[in-house]
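In: Structure for this input, please:
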Amino acid sequence: MNEQIKIFKALSDSTRLKIVWLLTNINEKICVSEIVEVLDEYQYNVSRHLKILKNAKLVEEIKEGKYVYYYLTPIKNAFREMIQETIKTIPESKMDNEINKCKILLAERDK
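Out: Numbers count the residues shown, from 1 in each chain. Predicted coordinates:
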């Protein structure tokens, strides 16, 4: 039951929910500076939120060069699958600005 409580607490903040929504919908790893730009948040806030999401085992990180990228933890149980499916039901129209910024940043990364 503790795992489920941690997940619900982690997702009870709008910024953390937005981060998980972004990672769910872009299906790509992103670094802190990209999240900062997309969500228009301070870096220390984003880092704090990512730490909470990591502690809830919703996201994982990987260091590549000088950047640390975050991605969704692979789903290993029915509860996490249900949470992920629920997050997918949040309409993209609620995150238009953020998803467009994110797509532009990801396109620039590939250049």
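
In: Could you pull out the buried residues of stretch 20-31?
Out: Val20, Trp21, Leu22, Leu23, Asn25, Ile26, Lys29, Ile30, Cys31 (16 or more other CB atoms under 10 Å). Glycine gets a C-beta too; all of them are placed from N, C-alpha and C.

In: just so I have it, where are all the strands in the protein?
Out: 30-31, 59-64, 67-72 (DSSP state E).

In: what about the residue nearest to Asn45 when sequence neighbours are not counted, how many neighbours?
Out: Closest residue in space to Asn45, ignoring its immediate chain neighbours: Thr15 at 6.9 Å, by CB to CB, 6 or more residues apart in numbering. Number of residues near Thr15 (other CB atoms under 10 Å) recorded here: 17.

In: out of the buried residues of stretch 20-31, which are inside helices?
Out: Val20, Trp21, Leu22, Leu23, Asn25, Ile26 (DSSP state H).

In: Could you export the strands of the chain to CSV, including columns for mean pLDDT and distance to Glu81?
Out: Converted to CSV, these look like this (pLDDT from 0 to 100; distance: least, CB to CB, whole Å):
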stretch, mean pLDDT, distance to Glu81
strand 30-31, 92, 22
strand 59-64, 94, 16
strand 67-72, 94, 12
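
In: Please identify the deepest-packed of those strands.
Out: Most buried of these, by mean neighbour count (mean count of other CB atoms under 10 Å): strand 30-31, with a mean of 19.
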